[in-house]
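[1] pasting a predicted model and its sequence here:
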There are 2 protein chains.
Amino acid sequence: MAEQEPEGRAAARPLLTDLYQATMALGYWRAGRAQDLAEFELFFRHCPFGGAFALAAGLRDCVRFLRTFHLRDADVQFLASVLPPDTDPAFFEHLRAIDCSGVTVRALPEGSLAFPGVPLLQVSGPLLVVQLLETPLLCLVSYASLIATNAARLRLIAGPKKRLLEMGLRRAQGPDGGLTASTYSYLGGFDCSSNVLAGQLRGVPVAGTLAHSFVTSFSGTEVPPDPMLAPAAGQGPRVDLATLVEAWLERVCAHLGLGVQEPHPGERAAFVAYALAFPRAFQGLLDTYSVRRSGLPNFLAVALALGELGYRAVGVRLDSGDLLQQAQEIRGLFRTTAAQFQAPWLQSVPIAVSNNIDEEELARLAQELVSVGGQPRMKLTEDPEKQTLPGSKAAFRLLGPDGTLLLDVLQLAEEPPPRAGQELRVWPRGAREPCTVQPAQVEQLLQLWVQQGQLCEPLPSLAESRAFAQLGLSRLGPDHRRLEQPAPYQVALSEKLQALLHRLSAGAPQ
Amino acid sequence: MAEQEPEGRAAARPLLTDLYQATMALGYWRAGRAQDLAEFELFFRHCPFGGAFALAAGLRDCVRFLRTFHLRDADVQFLASVLPPDTDPAFFEHLRAIDCSGVTVRALPEGSLAFPGVPLLQVSGPLLVVQLLETPLLCLVSYASLIATNAARLRLIAGPKKRLLEMGLRRAQGPDGGLTASTYSYLGGFDCSSNVLAGQLRGVPVAGTLAHSFVTSFSGTEVPPDPMLAPAAGQGPRVDLATLVEAWLERVCAHLGLGVQEPHPGERAAFVAYALAFPRAFQGLLDTYSVRRSGLPNFLAVALALGELGYRAVGVRLDSGDLLQQAQEIRGLFRTTAAQFQAPWLQSVPIAVSNNIDEEELARLAQELVSVGGQPRMKLTEDPEKQTLPGSKAAFRLLGPDGTLLLDVLQLAEEPPPRAGQELRVWPRGAREPCTVQPAQVEQLLQLWVQQGQLCEPLPSLAESRAFAQLGLSRLGPDHRRLEQPAPYQVALSEKLQALLHRLSAGAPQ
């Protein structure tokens, strides 16, 4: 099964739940309420990272989980082992029979903008089943949304054209933490990931070249079994790349004012080895030894040797020090070297940087650089709601005539939806007075994805959701899109919902 | 296979690696170096959370990963799809054949104290294979160690006797992030987890009772299909628990000076339903409505009714507000109520608290409370080393006559180990002068676990490693164990290693 459905193994398992969901299930069952219809909503109270928006993500994982949800014998036996020994065996028979055939899911489409208080997910079905689903669905949506939001923020800083590479796997929170982070960084706006499994299982574009350890593993005395490389066009004799590089090194060092013995021979051997394996995708990692006196001349020698054979180096990477200053210096040297050797393509070789790049550093770098590798920061600030708005709700997004977002409205499920062109009186959350709004367009936010356990429409692909997220962000006003001290985006309640809330909070004990 | 080896599905997969490990593998292969013997070490530079120690963890996951590591056809095909199309097919044949039969692993035993610069893990084997293993092993060890360290810190704050429950799954970093966090919180010193899957797959004790949603789902008008409960001893007639609770409620309200209509009837119905399902494990969640006017009297009525039947309530839980102040007030009311109704067992009913408990809050609570639910904070501060000490190393821990830790020594693998009772001259890292130390005992830190792919000795169980971790912490001096502004624990280099390092850093380009 794992082979037939490769994503299956990465999915959450039914017992990935808090034990109290199982003890409550027994409580409901004992109270005769297992089949009561219930609904829960998942939303957040505060936007993460101090921003005014979040991206909704994780729906695909939720749907995958729901569609295969059932308790195997081993699962039920384990639950029996941690519940009281005198528990009625009929309860376990009940557990063996449950699945999600009675479960309905409404949710924001994957990649939607999401705001505080607006449900990301509404799940309804038999009380006992819905209870068991709560923890895994929370787990799947919270983290995915957090990562996607973080990625979207970094994308906003970098602008639409910079290439953003996620490479956080080494520091990820366990294997699946890494898979999830890579997947949803892509959804939120990154271009690719270093995580091969995310490529294999989720279709995320993958990228990667070489590490410092590759460079240091060469001393310069190695003799490659086959140092010969054919020209890019396939015509002409094969050439000994190592020898050609040595010839270029002399010319490069003379141009840069360096002694030919200064560049590290092991680094050069590593670059030659990499170039032999990847003649069409040669990238130099410049900062293993000295960038200026070793990494750069070695890169230039290999790149110019490859260039002589018709190949074009694809870039360099810096992974330490003042990334911006070095990148600017390197760009200057690329220009003079390109002029010196009549190699104009060298002027624009991409400079990639990595190493602990956070929002602040990215903002500084984004002015100058084309490609940045980062890792999402794991600052989990979502605050799962403890008090919820009452009743089943519908949610709508109101837009102005130019397509920008005005506000989101929550109302009772039975109310008629707002209509384009009609005035509407709503209560912004936290405000003491209602306000009037006249939307030019109205979008229904919560879409029906699963009804009685059946998928209602195909889920968009990850790449489609990624594009959808960027579209949404482009419609958000700059005041709300701002990453620091943004203006909060308004979420408002319909008059009926506001009145119901008012009644309930007046009547409820504190 | 998943069923036969339940942990198998939770293990990391071979392609959970950075693409550059695969591109470097191709580079090495093309350079004729795939079979070169290589070693990498995993260590950290700074202790996380501002402390002076870390716990080593994740070895079990590493061993599990290594033992099944091989690239399936689908994996190799995927790699072929992201490497250059003209890559020599012999490289992919090579990939199909690799496994860990040539890999050797030395590591700190699971749960060991670990200090900056001392390897947690040494992995040696064929260069190409070792390169592919690097990212997954880093991922498995880093996060596990971080979580275990965090748990150990919270355990130190709480003291040895308080019950610590990990319940972070809802906010965990994806499904496996949650499984890993629950597993290694236990290893680091927590008592149990809410995560059922961690119980099923890893043997972590699990715990859980009920949530606010269970309480609010009852209105008080529900009629349980069977409200009858037999006495605990099994003798005597079954009693209608709901009716008995109502009788007790009057007495409790009179004692507390409350009107009998004040406690919420839905909350009471929820408590009765839970008590019917768990008469021997009844716990009240007190803060859904008002603790003082509803949760507490409802709990007392149910607990005293159960008490009349010979059952003892196991506790209450608070999940909001000033946890300490409320807990103190409740303890006082337990005492007066116990006296009023001649129910001495009520005096000592455990009070559990939960809700965003961090180190600071725990320190405040630990003075008073018996049981605390928390979640590990995900502050990832480990800094993967970029420059490493040269050569294959051995590591020893030197102890004083009373068994306390003196310092750790790193030396070259070929040096003879330090001996108990003998003076030793070492160079503390960062110091300009050597120092002399005379250990009463010497422990070898890095043990051989896997040799040429074969497990050398059985891994300890998770519970054994948990006990080992607590033992280690008890031997660490209080200055180093302190959580804030601790005295750094010394890691020293042997004279030979110091000299080698000195030579290399003098000779190497910057």
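    Right, received. Where do you want to start?

[2] give me the neighbour count for residue A:433.
    By other Cβ atoms under 10 Å in any protein chain shown, 6 other residues sit near residue A:433. Yep, even glycine has a C-beta here, placed from its N, CA and C like the rest.

[3] the one 10 residues further on too?
    As a burial measure, residue A:443 scores 17 neighbours (other Cβ under 10 Å).

[4] do the one 5 residues further on as well
    The burial metric for residue A:448, expressed as a neighbour count using other Cβ under 10 Å, is 13.

[5] that one contacts residue A:108, doesn't it?
    No: checked against Cβ atoms under 8 Å, the pair residue A:448 and residue A:108 is beyond contact range at 11.9 Å.

[6] residue in the stretch 201-350 of chain A with the shortest distance to chain B?
    Using Cβ to the nearest Cβ, the single residue of the stretch 201-350 of chain A nearest to chain B is residue A:208, 3.1 Å away.

[7] so that residue makes contact with residue B:25?
    No: the pair residue A:208 / residue B:25 is not scored as a contact, 10.9 Å apart, by Cβ under 8 Å.

[8] so how far is stretch A:329-341 off the chain centroid?
    On the basis of Cα atoms, centre = their mean, to the nearest Å, stretch A:329-341 sits 36 Å off its chain's mean C-alpha point.

[9] now stretch A:496-504
    With Cα atoms, centre = their mean, you get 37 Å for stretch A:496-504.

[10] list the buried residues of that stretch.
    Neighbour-count burial for stretch A:496-504, counted by 16 or more other Cβ atoms under 10 Å in any protein chain shown, picks out A:497-498, A:500-501.

[11] which parts of the stretch 51-200 of chain A are strands?
    A:54-55, A:104-107, A:113-114, A:121-126, A:163-166, A:192-193 (DSSP state E, counting those that start in this stretch).

[12] need the residues that contact the longest one.
    For strand A:121-126, contacts defined as Cβ atoms under 8 Å, 6 or more residues apart in numbering or on different chains pick out A:34-42, A:59, A:62, A:98, A:100, A:102-108, A:130, A:133-134, A:137, A:141, A:392-393, A:446.

[13] which of those are buried?
    Of those, these count as buried by 16+ other Cβ under 10 Å: A:34, A:38-42, A:59, A:62, A:98, A:100, A:103-108, A:130, A:133-134, A:137, A:141, A:393, A:446.

[14] show me where the stretch 251-400 of chain A has strands.
    With DSSP E, counting those that start in this stretch, the ranges of strands along the stretch 251-400 of chain A come out as A:283-285, A:315-318, A:351-353, A:371-374, A:393-399.

[15] quick one: end-to-end length of stretch A:64-81, please.
    One end of stretch A:64-81 to the other measures 28 Å (Cα to Cα, to the nearest Å).

[16] tell me, how many residues neighbour the nearest residue to residue A:170 once chain neighbours are set aside?
    Of all residues not flanking residue A:170 in the chain, residue B:138 sits nearest, at 4.5 Å (Cβ to Cβ, 6 or more residues apart in numbering or on different chains). Using other Cβ under 10 Å, residue B:138 has 24 neighbouring residues.

[17] for the one residue sitting closest to the centre of chain A, what are its contacts?
    When Cα atoms, centre = their mean is applied to chain A, the residue found nearest the centroid is residue A:185 (1.7 Å). The contact partners of residue A:185, taken as Cβ under 8 Å, 6+ apart, are A:147-148, A:150-151, A:166, A:168, A:193, A:376.

[18] just send those back as JSON lines, with distance to residue A:320 too.
    JSON lines is the format used below for these (distance: Cβ to Cβ, whole Å):
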{"residue": "A:147", "distance to residue A:320": "26"}
{"residue": "A:148", "distance to residue A:320": "29"}
{"residue": "A:150", "distance to residue A:320": "23"}
{"residue": "A:151", "distance to residue A:320": "24"}
{"residue": "A:166", "distance to residue A:320": "19"}
{"residue": "A:168", "distance to residue A:320": "17"}
{"residue": "A:193", "distance to residue A:320": "22"}
{"residue": "A:376", "distance to residue A:320": "21"}
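
[19] any idea which of those residues is least confident?
    Lowest in pLDDT among these is residue A:376, which has 34.

[20] burial of the residue in the stretch 51-200 of chain A positioned nearest to chain B, as a residue count?
    Of the residues in the stretch 51-200 of chain A, the one nearest chain B is residue A:176, at a distance of 2.9 Å by Cβ to the nearest Cβ. Residues within reach of residue A:176, counting by other Cβ under 10 Å, total 28.

[21] mind giving me the domain split of chain A?
    Domain ranges of chain A: A:2-202, A:212-353, per the TED database.

[22] near chain B, anything from the last one?
    Yes: figure legend: domain A:212-353 in contact with chain B (Cβ under 8 Å from any Cβ of the partner chain); contacting residues A:212-214, A:217-218, A:222-226, A:262, A:264, A:270, A:273-274, A:276-278, A:280-281, A:289-290, A:293-294, A:319-320.

[23] kindly report the same for stretch A:148-157.
    No: in terms of Cβ under 8 Å from any Cβ, no part of stretch A:148-157 sits within range of chain B; the closest distance is 12.0 Å.

[24] among the domains of chain A, which is nearest residue B:473?
    Closest to residue B:473 of these is domain A:2-202 (Cβ to Cβ; 23.5 Å).

[25] now the angle from the helix or strand harbouring residue A:409 to strand A:393-399?
    Using DSSP states H and E, residue A:409 falls within strand A:405-412. Calculated by axes from the mean of the first three to the mean of the last three Cα atoms, to 10 degrees, strand A:405-412 forms an angle of 160 degrees with strand A:393-399.

[26] which residues touch strand A:405-412?
    With Cβ under 8 Å, 6+ apart as the contact definition, strand A:405-412 has outside contacts at A:113, A:115, A:117-118, A:389, A:391-400, A:418, A:424, A:426, A:428, A:437, A:439, A:445, A:475-477, A:480, A:489-494, A:496-497, A:500.
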